[in-house]
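Peer 1: My questions are about this predicted structure, shown below with the sequence.
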Amino acid sequence: MSNYMKMRVRNLNLFYGDFQALMDINMNIMENKVTALIGPSGCGKSTYLRTLNRMNDLIDHVKINGQILLDGIDIYSDQCDLIDLRKSVGMVFQKPNPFPKTIYENIVYGPKIHGIKEKSRLDEIVEKSLRGAAIWDEVKDRLDKPALGLSGGQQQRICIARCLAVEPDVILMDEPTSALDPISTLKVENLMDELKKDYTIVVVTHNMQQAGRVSDYTSFFLNGEIIETDLTENIFSNPNDKRTEDYITGRFG
Amino acid sequence: MKKYEKIIEAFLLICATVATLSVFLITFFIFKEGLPILKEYGIIHFVFGKTWSPTNGSYGAFPMIMGSISVTLGALIIGVPMGISCAVFLAEIAPKSIVKIFKPAIELLAGIPSVVYGFFGLAILVPLIRMHILPIIQKFNGEAYTSGYSILAGAMILAVMILPTIVNISENAIRSVPIEYKQGSLALGATQFETIIKVILPAAKSGIITSVVLGMGRAVGETMAVILVTGNMPKVPGSVLDSVSTLTGTIAMEMGYATPTHQKALFATGVILFVFIMLLNVSATWTMKRLGGE
Amino acid sequence: MAVNTKVYIENWMRGKGKKKINIKEKMALTWIYLVAVLTILALLSIVGYVLLNGVKHINLDFFMQEPKSMGRKGGIFSIIVGTIYLTLVSIAIATPIGVASAIYLTEYAKENKLVKVIRFGTETLAGIPSIIFGLFGFVFFVIFLKLRWSILSGGLTLALMILPTLIRATEEAIKTVPQSYREGSFALGATKWQTIVKVVLPSSTSGILTGLILGIGRAVGETAAVMLTAGSSLGVPKSIFDPARTMSVHLYLLASEGLSKEKTFATASVLIIFVLCINFIANMIANKYIKNTKAIS
């Protein structure tokens, strides 16, 4: 695949009031690759992930400077429409958060708000998204059942399908498997491998093995800074920075 | 899209200001109607004047002020100990199954229209006081007399009406006392009762005081129940068995047939009531904040 | 701990605890139980007394006939029509405003001066006694806006009175909608308004409904404010510009003028039964709601 840089982050700083949560972040996010963000709790990796589709806008007192370019356009500038941004940069959350609606309604929620109305088209999207999220076979006979009746792992894949239904370019995943059992985790990980053929994925994970299994690139965060970013195999076998090594070999816990 | 969202937000904001705007409107109009006569007649004269006789053009609201105060005090004397006891019962003593029956009962008490309370008082309490309570009192004081329409009747009815306010807010306050306090006290060998009196109630103080102040507001502002049982005599009362007129009752009774000046005088009565209630509400909010309630 | 306390209380109640279970404790406990029983008794006697004396006079004719000779005879048909009319008008005015206010306060408002003023204003409105609303409605709607004694004047006044209840109930309901629903919707590129309409409001309907029902209860039970704004005409109202008499006002006039014991009790019974229904429905919705939220979390 290409070496196209889908997103470029330049000198990004983020403040919660007086507290600086992210310091001078620089990163290139490669197209059709999985980039993993690792680091101890509270190091800023989730905060960072949320800057990529401006979910932090929901929080008061957050100030951001620096640049985040998506296909060359600064997502914090006036050129970029917030709604379009979130359409092209989707997000899957730590805890599965399906709406209290049926499976079908969950999936068509996005397409509908973006103006798709024809039933046949919506049906098509539902099947495609659910297949894309590898859950079609499990739910195809119960699309009209509440999504909250599914197991945690299934709910998370519904959320992924819901995200796919808007046809994003980039998918952000915030510890997508931390609330799931091992088997569901495996399914989601396999899915990520499939998805990267069509999408660019950024995933925050606590699980070192997971980062090793699923990602092409890994960034190590510590106290709001990126210590290093490299190919995953390099990070895990031969890190440049002592602190990365300490973390990977488990000295930070 | 953005513009559309902005318009919606502006619309919502406008709706959100309706309540506040009406408070301003209400204040403005009540004062506009009531202030001229207060000025003309003199506030002191109006508030402390002892004769309310609209037909003779004499407007002294003192009897009604005393009427409202005495009925409210009576309601508090009966209602506060009852309300706090119920709150303790619900929060600390009663098993869950009883709480489940008790709470809807309290809600129901809050939901019964005040005119029904008034009707009940008129049909039951007034005759009860006249026929059963009066003879008892007469044994001690031969000259006592009452028609039954009295401060006592009003106070009893109001006591029941303010119960829900006091019980609900106090119960919440008691429940929000940290369990550590209770554990600490019990671990020191205090009994449940000692713990309630010495630890829980003091810790829930701000909520309980707020509940009493709000209950007081409800009692002062209540109209229909009072009107039916207090007899509506604009005289300064001498005992709890006397008939009285309250601020609210006078307004409701006389508004229908008042001449223009008389009407203004009723609005002036409204001004006094309004100021009084506002002071109560503000002090309730203040207690909540000051004493660090929820 | 909970277990210990429970055991403790049981011992206490049986008088089996050790040294400090003295007479004072027993008296306190007796007092508290007494008050609790008294409270329930007060409720039962009010409801029971009215129903026992009133229900037997309620029949179809009572509902379908118009009142005759000032309510001494006949039924309460025009009064029921007036009550429904007035309640509907007030709900129709208050609901959109109330729900919109609650949405603004929970979803849009930042903590600034304006919002503080709005919150203070809403709380204050809730504390204003009904007779003051009546005075205001009289001078503003009836006289100043020249709406005269009419259902519209009464409905507008009542709408202001139930507004705080509605706002509070809706706010509470909206607050319980998990943040994750909103995030999920935003992350799909929904606008704030789309998120509110499609995700937040549907998840809080039962709370809003409860508020609405409590509002209806308050509107039907209100007397003083209605009397001063909608009048007390006994005729069947034909439009919202006609005056009307509601059940509460009718009950007041019957009781205070001692017109007919029978009709007074019957009217009071209808009111009480209505309140019972309102409470029952509100509780049912609330319970269902609690179950639903439990299933979600």
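Peer 2: Perfect, thanks for sending it.
Peer 1: Contact residues of chain A facing chain B?
Peer 2: A:D81, A:I83 (C-beta under 8 Å from any C-beta of the partner chain). To be clear about C-beta, it is placed using only N, CA and C from the backbone, and glycine gets the same treatment.
Peer 1: Swap in 7 Å and give it another go.
Peer 2: Counting by C-beta under 7 Å from any C-beta of the partner chain, the residues of chain A close to chain B are A:I83.
Peer 1: Show me where chain A has its strands.
Peer 2: A:5-16, A:19-30, A:34-38, A:62-70, A:73-74, A:89-92, A:170-174, A:200-204, A:217-222, A:225-231 (DSSP state E).
Peer 1: Ok, which of the ones you listed comes nearest chain C?
Peer 2: Comparison of those against chain C by C-beta to the nearest C-beta identifies strand A:89-92 as nearest, at 3.8 Å.
Peer 1: Tell me which other helices or strands the closest one touches.
Peer 2: helix A:152-164, strand A:170-174 (3 or more C-beta pairs under 7 Å, 6 or more residues apart in numbering or on different chains; DSSP states H and E).
Peer 1: Pull the distance from it to the chain's centre.
Peer 2: 5 Å (C-alpha atoms, centre = their mean, to the nearest Å).
Peer 1: what does that strand rub up against?
Peer 2: A:52-53, A:55, A:70, A:159-160, A:163, A:166, A:168, A:170-174, A:176, C:187-188 (C-beta atoms under 7 Å, 6 or more residues apart in numbering or on different chains).
Peer 1: if you set the cut-off to 8 Å instead, what comes out?
Peer 2: A:52-53, A:55, A:70, A:75, A:156, A:159-160, A:163-164, A:166, A:168-174, A:176, C:183, C:187-188 (C-beta atoms under 8 Å, 6 or more residues apart in numbering or on different chains).
Peer 1: Can you list the buried residues in stretch C:249-268?
Peer 2: C:249-256, C:259-260, C:262-268 (16 or more other C-beta atoms under 10 Å in any protein chain shown).
Peer 1: I meant stretch A:218-230, not that one.
Peer 2: Buried residues in stretch A:218-230 (16+ other C-beta under 10 Å): A:T218, A:S219, A:F220, A:F221, A:L222, A:G224, A:I226, A:I227, A:E228, A:T229, A:D230.
Peer 1: out of those, which one sits closest to chain B?
Peer 2: Nearest member of the buried residues of stretch A:218-230 to chain B, counting by C-beta to the nearest C-beta, is A:G224, at 31.5 Å.
Peer 1: Correct me if wrong: that closest one contacts A:D24.
Peer 2: No. Applying C-beta atoms under 8 Å, one finds A:G224 not in contact with A:D24, separated by 9.0 Å.
Peer 1: Between those two, which contacts overlap?
Peer 2: Contacts common to A:G224 and A:D24, judged by C-beta under 8 Å, 6+ apart, are absent.
Peer 1: coming back round to it: could you dump the helices and strands packed on strand A:89-92 to TSV with mean neighbour count and distance to A:L122?
Peer 2: Formatted as TSV, these follow (neighbours: other C-beta atoms under 10 Å in any protein chain shown; distance: least, C-beta to C-beta, whole Å):
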stretch	mean neighbour count	distance to A:L122
helix A:152-164	25	13
strand A:170-174	25	21
